[in-house]
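Q: Sequence and predicted structure are below.
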Amino acid sequence: MNSLNPINWGKLPEEILNSIEAAKAEYGWDSIGIRIQEDIPFTVGPINHVSHVWIDGEETDEELPGICTISATCINILCKAATGYIGDHVAIIAGDVVQYGEDLGEVIMSDAEVVEVLV
């Protein structure tokens, strides 16, 4: 565990790896990712939130075409990228990739769904 979020991304627990692999196998989505967020807990099902453009560390009012996640395609990149996100709530998200984000491993998904709440 680190001070930014509640999962030790240096040694990803086996149950999280299994959940990611199960989600990849079960859902016919373009992409599976991890989302870490503050304040609002996740619930399983469609997620209507859209992310915003950030400039120089400041969130703007400009909406992106979906929700930002960290791609679960490559576990090594996922573990490295996840350490930089702040939040107490972590979930596996499935959706269609609209575009790649600016951060390492970041993808922006449309028609996203929470498939499993991890924390």
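A: The structure has been received and is ready for your questions.

Q: from what I can see residue 109 touches residue 64, true?
A: No: judged on CB atoms under 8 Å, residue 109 makes no contact with residue 64 at a distance of 9.9 Å. The C-beta positions use only the backbone N, C-alpha and C, and glycine is treated the same way.

Q: Count residues in the vicinity of residue 31, would you?
A: Residues contacting residue 31 under the criterion other CB atoms under 10 Å number 20.

Q: I'd like the distance from it to residue 88, if you could.
A: Distance of residue 31 to residue 88, given as CB to CB, to the nearest Å: 24 Å.

Q: List the buried residues of stretch 73-93.
A: If you call a residue buried by 16 or more other CB atoms under 10 Å, then stretch 73-93 has these buried ones: 78-79, 81-82, 85, 89-93.

Q: Excluding its own residues, what touches the biggest helix by length in the chain? List them.
A: Ranked by number of residues, the top helix in the chain under DSSP state H is helix 14-26. If you take CB atoms under 8 Å, 6 or more residues apart in numbering as the criterion, helix 14-26 is touched by 7, 32, 34, 72, 75, 92, 94, 115-116, 118.

Q: same thing with stretch 33-48?
A: 5, 20, 67-72, 78, 82, 85-95, 107, 109, 111-118.

Q: neighbours around the nearest residue to residue 51 once chain neighbours are set aside, how many?
A: Spatial nearest neighbour of residue 51, chain neighbours left out: residue 68 (4.2 Å); criterion: CB to CB, 6 or more residues apart in numbering. Residues near residue 68, counting by other CB under 10 Å, number 24.

Q: picking that back up, list the ones among the buried residues of stretch 73-93 that fall in strands.
A: With strands taken from DSSP state E, the overlap with those comprises 89-93.

Q: so where is the protein shaky, pLDDT-wise?
A: Low-confidence segments of the chain (pLDDT under 70): 1-6, 10-12, 28, 30.

Q: re earlier: which strands border whichever helix or strand comes after the longest helix of the chain, and is each parallel or antiparallel?
A: If you walk from helix 14-26 toward the C-terminus, the next helix or strand you reach (DSSP states H and E) is strand 31-37. Under the criterion DSSP bridges, strand 31-37 sits next to strand 67-71 (antiparallel), strand 89-100 (antiparallel) in its sheet.
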